[in-house]
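Colleague: Show me how the following folds:
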Amino acid sequence: MKKFCKNRSAFTLVELLVVIAIIGILIGMLLPAVQQVREAARRITCANNLRQMALATLNFESGFQKLPASWKPAVGVVFGENGNDDIRGWSAQAQILPYLEQGNLESQIDFNLDYINTPPITIAGETVAMASARIPIYQCPSEPNSTTRFEDGVAIHHPLNYASNAGDWFVWDPRGNRNGQGALAVNKRISIGSISDGTSNTMLYGEVKAYTPYFRNAGQSGDIAMPNTPAEVVAMGGDFKTSSGHTEWVDGRCHQASFTATFTPNTKVLFNDSGSGQELDVDWTNQQEGRSMEARTYAAVTARSFHNGGVNVCRVDGSTDFRSDDVNRATWQAFATRAGGEVLGEF
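Modeller: As a prediction, this is how the structure comes out:
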């Protein structure tokens, strides 16, 4: 027994350190693969959220024979009537709630009022502002800022990551209620038959980032030519909001619940904000819907995501796609118009 114990070998410190180093190398090699698998799973979940929204919208259409408006005033409110030129409109995302198994929430909403004046609701025994309710299916799992928006310590809104397609640049002219080429229209429910480019050739919803900085209400009159570069958009100015774009799922205005195809996915529209000392990636809207009886809504509200290389979108027919950042701009814009007559071709 003594001889056996004497001949027994043990790990030296050097050997132990070598083993630890090898394990560290293996973990370092494995970690990126695990992260890639996790992101792939998140991207699939994201695409599934969009698919469910598309199906909910089609179910809405089956019930009403029209698609939901992207911006819809409260029941009985007519924009411009009796000088009424400052009203809020409900988003399509709010209108399709019953078709997303959110009927309990929808039943607490009074669409005879706007979303600010809608009474508080009860969630898990707590009374909260209706607009601050978190709708899980409207949240991309890769979004790091899926947090409630507060004002003076009070929860007032919750963001969303899936916005309706408002077309390529021109969104709405309040004079005559004239709309752009998006899948959903402002202040109007349109039929699927009006999507003459085909439901498989037209985007319905796409990804956006929460808490996006943006310019609004530049209020330029008449026709505004589509900008060719992000710098042209930034130069148009307007009232600057540092971080509240796409933070109000109830609000049908373009900078909150829609996007446009002015620029391809994840295009950087950079603005040097002297207030914060940061270079910010911004959106731009000439005029908020419901705030002017004269100025038209033009918008450069870019589709963005935290997925590497592109954004998830869904088509009007309910199918989903991952659209690359380097998609041809003309093709991307053709995909955003419902009746442009373009031959879409391959992405």
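Colleague: For the rest of this, base every contact and every neighbour count on C-alpha atoms.
Modeller: Noted.
Colleague: Which SSE is immediately downstream of the top helix by length along the chain?
Modeller: The longest helix of the chain (DSSP state H) is helix 13-64. Sequence order places strand 71-73 as the next helix or strand after helix 13-64, per DSSP states H and E.
Colleague: That following strand packs against which elements?
Modeller: Contacts defined by 3 or more C-alpha pairs under 8 Å, 6 or more residues apart in numbering; DSSP states H and E place strand 71-73 against strand 89-91.
Colleague: for the strand it packs on, packing partners?
Modeller: Looks like strand 89-91 contacts strand 71-73 (3+ C-alpha pairs under 8 Å, 6+ apart).
Colleague: which residues are contacting the strand it packs on?
Modeller: 79, 87-92, 114, 185-188, 251-253, 289 (C-alpha atoms under 8 Å, 6 or more residues apart in numbering).
Colleague: which parts of stretch 293-306 are buried?
Modeller: Residues 293, 295-306 are the ones in stretch 293-306 that count as buried (16 or more other C-alpha atoms under 10 Å).
Colleague: swap in stretch 61-80?
Modeller: 61, 66-74, 77, 79-80.
Colleague: and these, which two are the farthest apart?
Modeller: The two members of the buried residues of stretch 61-80 with the most space between them (C-alpha to C-alpha) are Glu61 and Gly80, at 26.9 Å.
Colleague: Reformat the buried residues of stretch 61-80 as TSV; add distance to Val327.
Modeller: TSV is the format used below for these (distance: C-alpha to C-alpha, whole Å):
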residue	distance to Val327
Glu61	30
Lys66	31
Leu67	28
Pro68	28
Ala69	28
Ser70	25
Trp71	28
Lys72	32
Pro73	35
Ala74	38
Val77	41
Phe79	38
Gly80	40
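Colleague: Out of these, which comes closest to Leu26?
Modeller: The closest of the buried residues of stretch 61-80 to Leu26 turns out to be Ser70 (C-alpha to C-alpha; 50.6 Å).
Colleague: thinking again about what came up before, the longest helix of the chain - contacts with which helices or strands?
Modeller: Contact partners of helix 13-64 among helices and strands, from 3+ C-alpha pairs under 8 Å, 6+ apart: strand 203-207, strand 310-315, strand 320-324.
Colleague: so which of those gets nearest Ile123?
Modeller: strand 203-207 (26.8 Å).
Colleague: Identify all contacting residues around the helix or strand just after the closest one.
Modeller: Proceeding N to C from strand 203-207, the next assigned helix or strand is strand 212-216, under DSSP H and E. Residues outside strand 212-216 that contact it (C-alpha under 8 Å, 6+ apart): 237-246, 255, 280-288.
Colleague: Buried among these? Need that as a selection in ChimeraX.
Modeller: In ChimeraX syntax, the buried subset of the contacts of strand 212-216 is picked out as below (16+ other C-alpha under 10 Å):
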select :237,238,240,242,244,245,246,255,280,281,282,283,284,285,286,287,288
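Colleague: all helices of the stretch 101-250 of the chain, in order?
Modeller: Along the stretch 101-250 of the chain, counting by DSSP state H, counting those that start in this stretch, helices occupy 103-106, 230-235.
Colleague: So which bits of the first one are buried?
Modeller: It refers to helix 103-106. Using 16+ other C-alpha under 10 Å as the burial criterion, the residues of helix 103-106 that qualify are Leu105, Glu106.
Colleague: ok, and what's touching it?
Modeller: With C-alpha under 8 Å, 6+ apart as the test, helix 103-106 has contacts from Ala94, Leu97, Pro98.
Colleague: rewinding a little: any idea which of the helices and strands packed on helix 13-64 is most buried?
Modeller: strand 203-207 (a mean of 31; mean count of other C-alpha atoms under 10 Å).
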